[in-house]
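In: model the following, please.
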Amino acid sequence: MAVKIRLARRGRKKLAMYDIVIADARAPRDGRFIEKIGIYNPNTNPATIELNHDKALQWLMNGAQPTDTVRRILSYKGVLLRKHLQVGVAKGAITQEQADARFNEWLKNKEAQIQAKIERLKSGKEADKKARLAAEAKVKEARAEAIRQKQHAATAEAATE
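Out: Numbers count the residues shown, from 1 in each chain. Modelled structure (predicted):
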């Protein structure tokens, strides 16, 4: 039996969410699966990924093949790096402590990158909001000036009569 790690779609039209599941390769996309190991929501920025790292690693070590999208998700979350390090430990190239240290260092850097992206998006939204408010204030001032000019012209015309 060929086992795949793949996405199963759920959610409504135009707002899809996906479950990360372990399934037989012959089963339909949204059909029967062996185990659910996570959730992927591409609608948020950055995409929300909840994943059981231990289960994903266990299935990868047992030979489950991820699809392309799931491979990217696993790489993004560090599961493929952990698998790589565990294979190195099994072969005797590195010790378990070294592998854990490398993974924790990578995880710390990854969290910093994600936080930087969130902050960059947040500051971009705030700058856009300020620019919209400034443009709206200019339009408001232009309208007020046009009304003053009209009133001034009307009072000047009334004074000449």
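
In: in the chain, which helix or strand is least confident?
Out: helix 96-160 (a mean of 90; mean pLDDT, DSSP states H and E).

In: other SSEs contacting it?
Out: Helix 96-160 makes packing contacts with helix 79-91 when contacts are defined by 3 or more CB pairs under 8 Å, 6 or more residues apart in numbering; DSSP states H and E. Glycine gets a C-beta too; all of them are placed from N, C-alpha and C.

In: and the residue positioned nearest the centre of the chain, backbone torsions?
Out: Nearest to the geometric centre of the chain sits residue 47, at 1.7 Å (CA atoms, centre = their mean). Residue 47 adopts backbone torsions of phi -60, psi 140, taken as degrees, to the nearest 10.

In: correct me, but it touches residue 39?
Out: No: with contacts counted by CB atoms under 8 Å, residue 47 stays clear of residue 39, the gap being 10.6 Å.

In: the nearest residue to residue 27 once chain neighbours are set aside: neighbour count?
Out: The shortest distance from residue 27 to any non-neighbouring residue, by CB to CB, 6 or more residues apart in numbering, is to residue 33 (6.7 Å). Neighbour count of residue 33, defined by other CB atoms under 10 Å: 19.

In: can you tell me the helix or strand for residue 33?
Out: Remark: residue 33 resides in no helix or strand, with elements defined by DSSP states H and E.
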